[in-house]
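Engineer: got a sequence here, can you build the structure:
(2 chains)
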2 protein chains.
Amino acid sequence: MIYVREGNIPKKWYNIVPDLPYFPPYKLPNGEEVREEHLYRIFPRECVRQEFSKERYIDIPEDLIEAYERIGRPTPLYRARRLEKALKTPARIYYKREDLSPTGSHKTNTAIAQAYYAMKEGVKRLTTETGAGQWGSALAYSTAMMGIKALIFMVRVSYNQKPYRKYVMKMYGADVVPSPSELTEFGRRLLKENPDHPGSLGVAISEALEAALSDENTKYSLGSVLNHVLIHQSIIGQEAMEQLSSIGEKPDVLVGCVGGGSNFAGLTYPFIGRMLRKECEKMDVIAVEPTEVPSMTKGEYRYDHADAAAMTPLLKMFTLGYNFVPPPIYAGGLRYHGLAPSLSVLVKEGIVKPVAIDQKESFSAAKLFAETEGLIPAPETSHAIAAVIRRAVEDREKGEEEVILFNYSGHGLLDLEGYRVVLSL
Amino acid sequence: MIYVREGNIPKKWYNIVPDLPYFPPYKLPNGEEVREEHLYRIFPRECVRQEFSKERYIDIPEDLIEAYERIGRPTPLYRARRLEKALKTPARIYYKREDLSPTGSHKTNTAIAQAYYAMKEGVKRLTTETGAGQWGSALAYSTAMMGIKALIFMVRVSYNQKPYRKYVMKMYGADVVPSPSELTEFGRRLLKENPDHPGSLGVAISEALEAALSDENTKYSLGSVLNHVLIHQSIIGQEAMEQLSSIGEKPDVLVGCVGGGSNFAGLTYPFIGRMLRKECEKMDVIAVEPTEVPSMTKGEYRYDHADAAAMTPLLKMFTLGYNFVPPPIYAGGLRYHGLAPSLSVLVKEGIVKPVAIDQKESFSAAKLFAETEGLIPAPETSHAIAAVIRRAVEDREKGEEEVILFNYSGHGLLDLEGYRVVLSL
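Structural biologist: From the prediction side, this is the model:
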């Protein structure tokens, strides 16, 4: 057996919040708790409702099931037989193929849901920010599929230096502007001060928010961190659970890489939920961050802004500080100062174990994965692979026949330059 | 219904040669007919055997079935519902998702078979040529999976200007050299005459052949044109036939783009075979070539060399002349002076209808496809899409409820620069 391709698309998303030991409320800078009403002008209403939901399961609309089919769900679950053999490990390694979506990563799982709700509520346009473009291209795809518009603020330095995902977005008909831009007051102010401003994710978030707030037919879309985003991603883990169970397997170890936390949560939360409800045995759950951006292993657990411009409400999370400037590692999706509040609780309580792995080790793991499994992972995903390899080697030394499951969150076909530099290809 | 993902990997490949009205033998320059022995030093023996086979069906080895599973076979068959809607056509359009393979195109279907036979026969290394790198990356993937080496001669101008697929090949552990190279006598001679020689596919073929002939553990691999290559691709059409039939459909029109002919043959030959054997009704079979490289619509049907350096035997085929220099269109895989001999017979006999479509129309079709179906096609594939759109629009005008099936032969994620230029993105 190399893979399980059969499976069903779940009818409901899973929300971990009611299963958590606690969930600190979001706060405004004046200390007031954030309520649904505060967010209605920003996000589609249904997304706000899900953000505050205490329901364990949330129905997936019928139309969205069809949209999920279109992006290839259920995605196949692969057994990494050739990697296992190369490592001479007794461990059985499985991975979920989220790279097979049209834009090459798990990001479409929530983008398509957010675009759907926006369309249903009569929103004409979604705005968002993007760095290297993984999230922006997922949203561009999704708005095209739902027949609404997208305005994407892309960090100027990426817009100029990493143009390929910009062309992906434009092929889908999205408007993509380098940020800072002339489209917003904030952007114009920054450009006036410095016409060559390189931009940053923080600036792009501020512009996307301003663009949403200044047009009543426009709302804003976020790609990670918040509960409703992680809820949409739960489809990954639910599918994997059914697929593993169909071949009589259950995981001992779960692994995912972590930027804001959405691909990690997507795979692991349905399993962690069962663990929290004591419906299954204990599993080791490993969250892999880059050594260069160590929010979990070196950050503090405290209230902080989600963006670099301090425009968002305060979230209680592991953070390096909202003004932390991540070094320019190639895994752009892991260059985030904070961590999803729900995942922060799990790390704080020792339910999820963080580990930091550097770029060199990750990229070497990616090379081995390409040579054995035949797939070139995204730089983000390579961090998860490196942690899996560490564990599988330990299993070899201990003679441990464990089942390891990880999220193959995306492919690296638009990230080859990074591999060239780091691996001296 | 958006797609059929179920299906079986066929147990046998289909060989159209015994069903053709005639098949002109290959010839040596002295007029002698080419026999199996002439090719043993070049290709793996089993490939040579298949090249001359008169059997309609050829068993696929059990190990190869597993290798086909790994690359995602059977590939899903999609219904282009959103494209149909945008065109307001009564036609039902289906496409086979060959883009989902690890290197993004149908090329792995034969690369993995050729690498398998090489490995089985104790060949230590395969050599080949590649232009933009689609074929080279498929062979690099396949040799990695079979545990043998690959030496790939990449046209120097592509090696320098389109580096991304070079990195793909290197990630799989292949040796990639710019051609002309210092590794062969021919390459050294050309470099001596002109140190800045830009290379060409013809030169790269010559070097790959020389490298194979000068080392007894090395053989050569070709990505299109020859019978054994097209036989391996027949898996596409056989799967599609079963999948369409499982939903009670049969095609009225078959469409594919044509360079040497391998993706076109892969989809259409199993259907054409049934037509030739009068086991089904007549279908329109449309082969789409670029206006810029009109081998079918403006070429002659005569004996010619398969390579630009006149090193290969003579094949009877539609050709623009082996020394024709194709203009630099972005669809690199369609820049070929000739046409598979088997396909040439079908065109000559009027069983396959050729049509030429230019880059501008093809790329506009690709844009519409991206916006409706959510997938960014390879520039080659965009030619097939343009022909499908023409037909679907005719169907709208005639009120014709036809079933159109085409081969979505590859994705365009490593070809975005071409779209940017032609579509002014």
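Engineer: chain B contacts on the stretch 251-400 of chain A?
Structural biologist: A:366-367, A:370-371, A:374-376 (CB under 8 Å from any CB of the partner chain). Bear in mind the C-beta positions are built from the backbone N, C-alpha and C, glycine included.
Engineer: return the member of these nearest to B:Gln238.
Structural biologist: B:Gln238 lies nearest to A:Gly374 out of those, by CB to CB, at 23.1 Å.
Engineer: give me the three-state assignment for the nearest residue in space to that closest one that is not next to it in sequence.
Structural biologist: If you skip the residues right next to it in sequence, A:Gly374 has B:Pro102 as its closest partner in space, 4.8 Å away by CB to CB, 6 or more residues apart in numbering or on different chains. Using DSSP: H, G, I helix; E, B strand; the rest coil, the secondary structure recorded for B:Pro102 is coil.
Engineer: look up how far A:Ile16 lies from B:Pro102.
Structural biologist: B:Pro102 sits at a distance of 33 Å from A:Ile16 (criterion: CB to CB, to the nearest Å).
Engineer: do A:Tyr117 as well
Structural biologist: From A:Tyr117 across to A:Ile16, the span is 20 Å (CB to CB).
Engineer: before we move on, back to that, which among the residues of the stretch 251-400 of chain A next to chain B end up buried?
Structural biologist: When neighbours are counted using 16 or more other CB atoms under 10 Å in any protein chain shown, those contain these buried positions: A:366-367, A:370-371, A:374-376.
Engineer: as CSV, those residues with distance to B:Val422, secondary structure and pLDDT would be great.
Structural biologist: Listed next are those as CSV, based on distance: CB to CB, whole Å; DSSP: H, G, I helix; E, B strand; the rest coil; pLDDT from 0 to 100:
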residue, distance to B:Val422, secondary structure, pLDDT
A:Ala366, 33, helix, 98
A:Lys367, 34, helix, 98
A:Ala370, 31, helix, 98
A:Glu371, 35, helix, 98
A:Gly374, 32, coil, 98
A:Leu375, 30, coil, 98
A:Ile376, 27, coil, 98
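Engineer: got the residues of the stretch 251-400 of chain A next to chain B as a markdown table, with distance to B:Lys353 columns?
Structural biologist: What follows is those, written out as a markdown table (distance: CB to CB, whole Å):
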| residue | distance to B:Lys353 |
| --- | --- |
| A:Ala366 | 46 |
| A:Lys367 | 46 |
| A:Ala370 | 41 |
| A:Glu371 | 44 |
| A:Gly374 | 37 |
| A:Leu375 | 38 |
| A:Ile376 | 39 |
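Engineer: quick one: mean pLDDT over stretch A:129-146.
Structural biologist: For stretch A:129-146, mean pLDDT rounds to 95.
Engineer: next: stretch A:272-282.
Structural biologist: Within the predicted structure, the mean pLDDT of stretch A:272-282 is 97.
Engineer: likewise stretch A:119-126?
Structural biologist: Across stretch A:119-126, the average pLDDT comes to 98.
Engineer: that one near chain B at all?
Structural biologist: No: applying CB under 8 Å from any CB, one finds that stretch A:119-126 is not in contact with chain B, the shortest distance being 13.9 Å.
Engineer: straight-line length of that stretch, end to end?
Structural biologist: Using CA to CA, to the nearest Å, the span of stretch A:119-126 from its first residue to its last is 10 Å.
Engineer: what of stretch A:1-11?
Structural biologist: Distance between the boundary residues of stretch A:1-11 (CA to CA) amounts to 27 Å.
Engineer: name the residues that touch it?
Structural biologist: Contacts to stretch A:1-11, defined as CB atoms under 8 Å, 6 or more residues apart in numbering or on different chains, come from residues A:59-60, A:65, A:68-69, A:73-74, A:76-79, A:81, A:97, A:234-235, A:238-239, A:242-244, A:246-247, B:5, B:66, B:69-70.
Engineer: give the buried residues for it.
Structural biologist: A:2-5, A:7, A:9-10.
Engineer: which of these sits closest to chain B?
Structural biologist: Taking CB to the nearest CB as the measure, A:Ile2 is the one of these closest to chain B, at 5.0 Å.
Engineer: and chain A, what are its domain boundaries?
Structural biologist: With domains defined by automatic domain parsing, chain A comprises A:3-8+A:60-105+A:228-423, A:106-224.
Engineer: want to throw those domains into a markdown table with distance to B:Arg390?
Structural biologist: Formatted as a markdown table, the entries for the domains of chain A read as follows, by distance: least, CB to CB, whole Å:
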| stretch | distance to B:Arg390 |
| --- | --- |
| domain A:3-8+A:60-105+A:228-423 | 25 |
| domain A:106-224 | 21 |
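Engineer: closest to B:Lys348 out of those domains?
Structural biologist: Between B:Lys348 and the domains of chain A, the tightest spacing by CB to CB is seen for domain A:106-224, at 37.8 Å.
Engineer: measure that closest one end to end?
Structural biologist: End-to-end distance for domain A:106-224, by CA to CA: 11 Å.
Engineer: then stretch A:343-359?
Structural biologist: 23 Å.
Engineer: residues touching the spatially most central residue of chain A, list them.
Structural biologist: Taking CA atoms, centre = their mean as the criterion, A:Ser262 is the residue nearest the geometric centre of chain A, at 3.3 Å. Contact analysis of A:Ser262 by CB under 8 Å, 6+ apart lists A:106-107, A:110, A:223-225, A:229-230, A:233, A:340.
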